[in-house]
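>>> Below are the sequence and a predicted model; questions follow.
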Amino acid sequence: MTISAVDVRNVTVYRDNQKLLDDVSFKIDEGQFYAIIGPNGGGKTTLLKIILGLIKPKTGTVRIYGEEPEKNRYLLGYVPQFHTFDFKYPITVREMVMTGRLGHINGLRKQYSDSDNLLAKEAISSLGISHLSERSLGDLSGGEQQRAIIARAIIGKPKVLLLDEPTVYVDNPTEEKFHDILLELKKKMTIVLVTHDIGVISSEVDIIACLNRKLYTHNNNQITDDMLLNAYKCPVDLIAHGLPHRVFEEHKN
Amino acid sequence: MLEALGYEFFRNAILAGVLASVACGIIGSFVVVKRMVSLSGGISHASFGGIGLGYFFGFDPIAGAMLFCIATAALIARLRSVAHQHLDTLVGAVWAGGMALGIMLIYLTPGFAPDLFGYLFGNILLVPSADLFIMALFVLGIIIVTGIFYNYFLAVTFDEEYASVMNIQSGKIMTILLIMTAITIVMLIQVVGIILVIALLTLPAAIAREFTGNLKKMFYLSILTGIFFTTTGIFLSYGLNVPSGATIILLSVVVYLIVICLKDIGQKIFTE
């Protein structure tokens, strides 16, 4: 049996006596594109932080390629939610992307080597923003910032890429391009994408799960009424692709 | 006015201004980009508790302030991660708590009440040569630590969470940064006093930020700006016979306001 890229078992997380995740279990195999949808506040970001080992679950276990997250963190790339950090920070795109190498560098000073510089060039150009590499992050458009943040996530050559609400960075017109980026990345690594926006889910997704404290999935790429009903606690309109989900009073197919 | 340079106290004042500017150019840049301005205000006011301790137990009040500020910074860094309190609330508690402790201890100290005015508003013209030597050592320490851990500081102040993902112990790095902030603050207390520290710590860096998008350049620019403010301020206060700390700060505030106004006007012209 092959080792799962990500293996989450019976994970329960509390914050201030409030249950954020309730007995969540799932496995992601290498090369899969795993999408998790759910309402805001449903625990999506918490779940990613559990995988990254930034939060410890109260009960349950998390394994990245069979090891604790802290040990195998270097196999993960992470694209955090928009506005989790300060875009006005005086940092160039290249400097910011380079920080994605720090987890791979030993030595007290964590000095970048020539190969780190080369990897930065490679990552930046693979996202088509080479011309912006010496620009300040704050001067970029939302879509360009998104690419820069993805470059930081992939410069460490991760086996698994975690994306948190990636489409919030951009307005709708650039979403098409974002899909192309995802498809390119999918050839090289396992992808875990969490979003509240059902419109993001495309046919390339291998497995879809719905998360609202509990995780519901049929281990395939179908979203079924019962998954949505469980996750959103109300019928959700599936026709509204490309738009934020609409909730109707009654929805029967 | 240049004849003033013949006096040792005056040369000491200029030198103290330069040393303080180097420290606040580096640390102030972090304070500005990481938005720790109110936190620094809290630490500087809490230092009054250390001054009180010094008087009460009979040791150098500035040494007391140094120890107390470092302890406060370490405490805040710790509480930030474990107590899940809003940073604002913690800052409010140490700000008022430190001041109250200082007032209480100085009241309880037998004998004449010391001149507290000097600590609240500082007097750069009274920095003794021995203190200059200690200041120089601290500045050297700050330069060395920043040089060694630059990549850590950059990563943690930009995105603490991602730094943790990169296996950097963000909490420890923040503690080191806060302790260096505390050291810088106590050095600045001698220059401009507790109440005005925050301006000299943040304004040169804020001005530098308007002209560069690179953290290292921001260090250099704010050091130069700080040296300009302290030196000009000392000469002005000497010439006009007015308090030095207040002169330095008023000069900084005026220049800061001019810079942001000019930048605003410049942008409007540029966009039209």
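That came in fine, so what should we check first? Everything numeric in this text was worked out from a predicted model, so none of it was measured.
>>> Going by C-alpha atoms from here, please, whenever you check contacts or count neighbours.
OK.
>>> Which positions in the stretch 1-150 of chain A make contact with chain B?
Proximity of the stretch 1-150 of chain A to chain B, by CA under 8 Å from any CA of the partner chain, involves residues A:52, A:54, A:70, A:73-74, A:78, A:84-86, A:89-92, A:99-104, A:108-111, A:136.
>>> ok, 7 Å please
Within the stretch 1-150 of chain A, the residues that sit near chain B (CA under 7 Å from any CA of the partner chain) are A:52, A:73, A:85-86, A:89-92, A:99, A:102-103, A:109-110, A:136.
>>> Could you report the neighbour count for residue 147?
Reading this off chain A. 23 (other CA atoms under 10 Å in any protein chain shown).
>>> meant chain B actually
12.
>>> what's the spacing between it and B:Ser29?
When distance is defined by CA to CA, to the nearest Å, B:Gly147 is 14 Å away from B:Ser29.
>>> Likewise for B:Leu75?
Here B:Leu75 is placed at a distance of 22 Å from B:Ser29 (CA to CA).
>>> higher neighbour count, the two?
Per other CA under 10 Å, whichever of B:Leu75 and B:Ser29 has more neighbours is B:Ser29, with 29 against 16.
>>> so which helix or strand takes in the more buried one?
Element membership for B:Ser29, per DSSP states H and E: helix B:8-33.
>>> looking just at contacts, which helices and strands does that helix meet?
helix B:129-158, helix B:170-192, helix B:197-211, helix B:215-240 (3 or more CA pairs under 7 Å, 6 or more residues apart in numbering or on different chains; DSSP states H and E).
>>> pretty sure B:Leu178 contacts B:Thr72?
No: using CA atoms under 7 Å, B:Leu178 makes no contact with B:Thr72, being 9.2 Å away.
>>> Report the distance from the helix holding B:Ser29 to the chain centre.
8 Å (CA atoms, centre = their mean, to the nearest Å).
>>> Report the angle between it and helix B:170-192.
Calculated by axes from the mean of the first three to the mean of the last three CA atoms, to 10 degrees, helix B:8-33 forms an angle of 150 degrees with helix B:170-192.
>>> The following helix or strand past helix B:8-33 to helix B:8-33, inter-axis angle?
Remark: after helix B:8-33, the chain's next helix or strand is helix B:37-57, criterion DSSP H and E. Angle, helix B:37-57 to helix B:8-33, by the same axes, to 10 degrees: 140 degrees.
>>> Using CSV, write out every CA atom in helix B:37-57.
C-alpha atoms of helix B:37-57 as CSV (Å, rounded to 0.1, in the frame of the first residue of the first chain):
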residue,chain,number,x,y,z
VAL,B,37,4.1,51.7,17.4
SER,B,38,1.6,51.4,20.3
LEU,B,39,3.5,48.4,21.7
SER,B,40,6.7,50.5,21.7
GLY,B,41,4.8,53.3,23.4
GLY,B,42,3.7,50.9,26.1
ILE,B,43,7.2,49.6,26.7
SER,B,44,8.6,53.2,26.9
HIS,B,45,6.1,54.3,29.5
ALA,B,46,6.5,51.1,31.4
SER,B,47,10.1,52.0,31.8
PHE,B,48,9.0,54.5,34.5
GLY,B,49,8.5,51.5,36.7
GLY,B,50,12.2,50.6,36.3
ILE,B,51,13.2,54.1,37.1
GLY,B,52,11.2,53.9,40.3
LEU,B,53,12.8,50.5,41.2
GLY,B,54,16.2,52.2,40.7
TYR,B,55,15.4,55.0,43.1
PHE,B,56,13.8,52.7,45.7
PHE,B,57,16.6,50.1,45.8
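>>> quick check: angle from it to helix B:197-211?
Going by the same axes, to 10 degrees, helix B:37-57 makes 150 degrees with helix B:197-211.
>>> which is the next helix or strand following helix B:37-57?
From helix B:37-57 onward toward the C-terminus, using DSSP H and E, the following helix or strand is helix B:61-82.
>>> now that next one: mean pLDDT?
The average pLDDT within helix B:61-82 is 90.
>>> name the helices or strands packed onto the next helix or strand after that helix?
The helix or strand immediately downstream of helix B:61-82 is helix B:87-108, counting by DSSP H and E. Packed against helix B:87-108 by the contact rule (3+ CA pairs under 7 Å, 6+ apart) you find helix B:37-57.
>>> starting at the chain centroid, how far to the helix it packs on?
Counting by CA atoms, centre = their mean, helix B:37-57 comes out at 12 Å from the chain centroid.
>>> and that helix with helix B:61-82, angle?
130 degrees.
>>> Now helix B:37-57: buried residues?
Neighbour-count burial for helix B:37-57 flags B:37-56 (criterion: 16 or more other CA atoms under 10 Å in any protein chain shown).
>>> Please enumerate the strands of chain A.
Using DSSP state E, the strands of chain A run over A:6-15, A:18-28, A:33-37, A:59-64, A:76-79, A:160-164, A:190-195, A:207-212, A:214-217, A:236-237, A:246-247.
>>> Distance-wise, check B:Leu137 relative to B:Trp95.
As judged by CA to CA, B:Leu137 and B:Trp95 stand 27 Å apart.
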